[in-house]
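> Have a look; sequence and predicted model below, questions after that.
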Amino acid sequence: MADTSSTPDTRTPAEIEADIKRRRETLAETLDEIGVRVHPKTIVGDAKAKVVSHVDNTLGRAYVRANRVVGEVKSQMVTEDGAPRLERIVPVALVVVGVVGLLALGSRRRKR
């Protein structure tokens with residue numbers, strides 16, 4: 001704001017009133033905006049939006065990582081021309097069958 005103590009105000013009363021009215025309207029708009037920003041529904045909505053954004057971002061990164069891992073595993077199990085590599089697939093399949101069998105036996109024992 002300008003220092004008005006040393007210079008006289010040359011505005012007319014109508015100009016002063018118009019300036020006061022304009023400043024009141026600006027202040028009312030500012031207060032309304034502050035009221036909206038601090039309203040509980042606005043705060044909750046903003047928090048939800050941040051959480052959703054974070055979850056979407058996290059899921060996106062997880063998808064990219066999972067896709068990369070699947071690609072790497074596929075490259076280990078399949079040759080470049082698309083033929084399966086039996087020397088790698090058979091041991092993995094045997095391990096999977098063994099683990100499933102052990103889980104089934106453990107589950108059966110707990111039921112008794």
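Everything's here; your move. Because the structure is a prediction, the values reported are computed rather than measured. Numbers count the residues shown, from 1 in each chain.

> could you point out where the chain is predicted with low confidence?
The chain contains residues with pLDDT under 70 at 1-6, 111-112.

> Show me it divided up by domain.
13-77, 85-112 (automatic domain parsing).

> could I get the ones you listed as TSV with distance to residue 7?
Bear in mind the C-beta positions are built from the backbone N, C-alpha and C, glycine included. TSV is the format used below for these (distance: least, Cβ to Cβ, whole Å):
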stretch	distance to residue 7
domain 13-77	15
domain 85-112	88
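
> Take the ones you listed and lay them out in TSV including mean neighbour count.
TSV is the format used below for the domains of the chain (neighbours: other Cβ atoms under 10 Å):
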stretch	mean neighbour count
domain 13-77	10
domain 85-112	10
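
> What's the first helix or strand after the helix or strand containing residue 58?
Per DSSP states H and E: residue 58 is located in helix 40-77. Per DSSP H and E, the first helix or strand lying C-terminal to helix 40-77 is helix 86-111.
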